[in-house]
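Undergrad: with the input below, show me the fold.
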Amino acid sequence: AIVVSSIENNKLLPHPIIAKTFHNLISAQTNKYSLVPIILKLEEAIADGYKKIALVAPPCQVKALRYLQAVKDERLKTLADSIFLIIGTFCLGTFPMSFLRNNFLKLVDIDINEIDKMRLSEEGLEIYSLNRLISKIPTFKIISNFHAACKTCPDFTGILSDISVGEVGSPKGWSTVLIRSQRGQDVFKGAMKQGLLEAYEIDKSSILGIENISKEKVRRGFISEFGKISSGLRSIEEEKPIMAIFVVFNTGETIYSRVFVKSLIDSLSRGKSDLFTGALTAISTVLKETIKSKKYLEKIDFGDIKILISFRKDFYVAIITEYDSVR
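TA: Predicted structure coming up:
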């Protein structure tokens, strides 16, 4: 198995290892909060003669491994065929190595060698020493220091893995396990049968924390991406045809909104904005039932103002404009 361990004199700084013994696996326990090149170790493991390899990785690297398996390229076939099992870790985001080396300790005010582990909770990042909670960093403080790419990632649990594992949703000392594939099911049941794991089924209320963080990460990714899109829309159009843009889940929950025209900003107070997106949900429901199509941009004409709606699988984009179409 390819796992992530820590550098001996700094438990915050991770590095990938090929775990060939039980001791290797134990040394890699607890979450790490920076990215390391695990695929390089995949090449090394194959060179050592291993043909069935399990990998433990955060969601972004899980996605990369699935791409590796999907690409039909003979040069990559040996790598792809060696991947037997992918275990994804829950991940809100990761820190650059430079931050962990130089700035992280300013947030916790503790000697780095005293830190046993870090644990993500709904409230923030918990810091432990000698199995005792000594500090908790609020979520908003840690997110601001994440890698830029982490701020656009919408995947908290590693949805493309065979098995997802994390501490959110379980009591201290336990891990939450989400089984996502038949292979993941077979491996998990096999480990249970051999007495290697102790498990119980968690209730629905325990899943709520995972759902909340997952939704927040999706929202954060959408806000970052649509922020770039809407800025681009505003800058490339000389006459500023885009008055406002809304991205709304099919359930009616607003993911992202941005209003460009001051008169519209004044008229859309927070309460009115919520009413407006609620109206959009009702309108879109009627449109979907009537037209039975999500492929084309639909228009609702109010005379001087038009609402253009583009449907996607789980959300839709609504644009307020004076024009009949926006390219």
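Undergrad: so which bits of stretch 59-67 are buried?
TA: Neighbour counts over stretch 59-67 (16 or more other CB atoms under 10 Å) mark Pro59, Cys60, Gln61, Val62, Lys63, Leu65 as buried. Backbone N, C-alpha and C define where each C-beta goes, glycine included.
Undergrad: same thing with stretch 29-37?
TA: Applying 16+ other CB under 10 Å to stretch 29-37 flags Asn31, Lys32, Tyr33, Ser34, Leu35, Val36 as buried.
Undergrad: what sits up against that stretch?
TA: Residues from elsewhere that reach stretch 29-37 (CB atoms under 8 Å, 6 or more residues apart in numbering): 4, 6, 12-16, 58, 60-61, 89, 94-97, 100, 116-120, 125, 147, 167.
Undergrad: report the buried members of those.
TA: Using 16+ other CB under 10 Å as the burial test, those include 4, 6, 12-14, 16, 58, 60-61, 89, 94-96, 100, 117-120, 125, 147, 167 as buried.
Undergrad: among these, which lie within strands?
TA: Among the buried ones among the contacts of stretch 29-37, the ones falling in strands (DSSP state E) are Val4, Ser6, Leu12, Leu13, Pro14, Pro16, Thr89, Lys117, Met118, Arg119, Leu120, Leu125.
Undergrad: state the distance from the closest residue to Ser129 other than its chain neighbours to Cys91.
TA: Spatial nearest neighbour of Ser129, excluding adjacent residues (CB to CB, 6 or more residues apart in numbering): Glu114 at 4.6 Å. Counting by CB to CB, to the nearest Å, the separation of Glu114 from Cys91 is 25 Å.
Undergrad: these two: which is more packed in?
TA: Using other CB atoms under 10 Å as the criterion, Glu114 and Cys91 rank with Cys91 on top: 26 against 13.
Undergrad: and the buried residues of stretch 59-67 as a markdown table, adding distance to Phe156 and pLDDT?
TA: Formatted as a markdown table, the buried residues of stretch 59-67 follow (distance: CB to CB, whole Å; pLDDT from 0 to 100):
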| residue | distance to Phe156 | pLDDT |
| --- | --- | --- |
| Pro59 | 7 | 92 |
| Cys60 | 11 | 91 |
| Gln61 | 14 | 92 |
| Val62 | 12 | 93 |
| Lys63 | 13 | 90 |
| Leu65 | 18 | 92 |
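Undergrad: among the buried residues of stretch 29-37, which has the minimum pLDDT value?
TA: Taken together, the buried residues of stretch 29-37 show their lowest pLDDT at Asn31, with 72.
Undergrad: give the contact list for the spatially most central residue of the chain.
TA: Nearest to the geometric centre of the chain sits Asp155, at 2.3 Å (CA atoms, centre = their mean). For Asp155, the contact set (CB under 8 Å, 6+ apart) comprises Pro59, Cys60, Lys63, Cys91, Lys217.
Undergrad: what's the farthest-apart pair in the residues you listed?
TA: Pairwise distances across the contacts of Asp155 peak at 13.9 Å for Lys63 and Lys217 (criterion: CB to CB).
Undergrad: Gly124: neighbour count?
TA: 18.
Undergrad: and it, what are its bridge partners?
TA: Pro138 (DSSP bridges).
Undergrad: hang on, isn't it packed against Ile143?
TA: No. Gly124 sits out of contact with Ile143 when judged by CB atoms under 8 Å, with a separation of 9.6 Å.
Undergrad: restricting to C-alpha, output stretch 179-192 in CSV.
TA: Coordinates of the C-alpha atoms in stretch 179-192 are reproduced here as CSV (Å, rounded to 0.1, in the frame of the first residue of the first chain):
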residue,chain,number,x,y,z
ILE,A,179,-18.1,2.2,0.9
ARG,A,180,-18.5,3.2,-2.7
SER,A,181,-17.7,0.2,-4.9
GLN,A,182,-18.0,-3.6,-5.1
ARG,A,183,-14.3,-3.9,-4.6
GLY,A,184,-14.4,-1.6,-1.6
GLN,A,185,-17.3,-3.7,-0.2
ASP,A,186,-15.4,-7.0,-0.7
VAL,A,187,-12.2,-5.7,0.9
PHE,A,188,-14.1,-4.2,3.9
LYS,A,189,-16.1,-7.4,4.5
GLY,A,190,-12.9,-9.5,4.1
ALA,A,191,-11.2,-7.4,6.8
MET,A,192,-14.2,-7.7,9.1
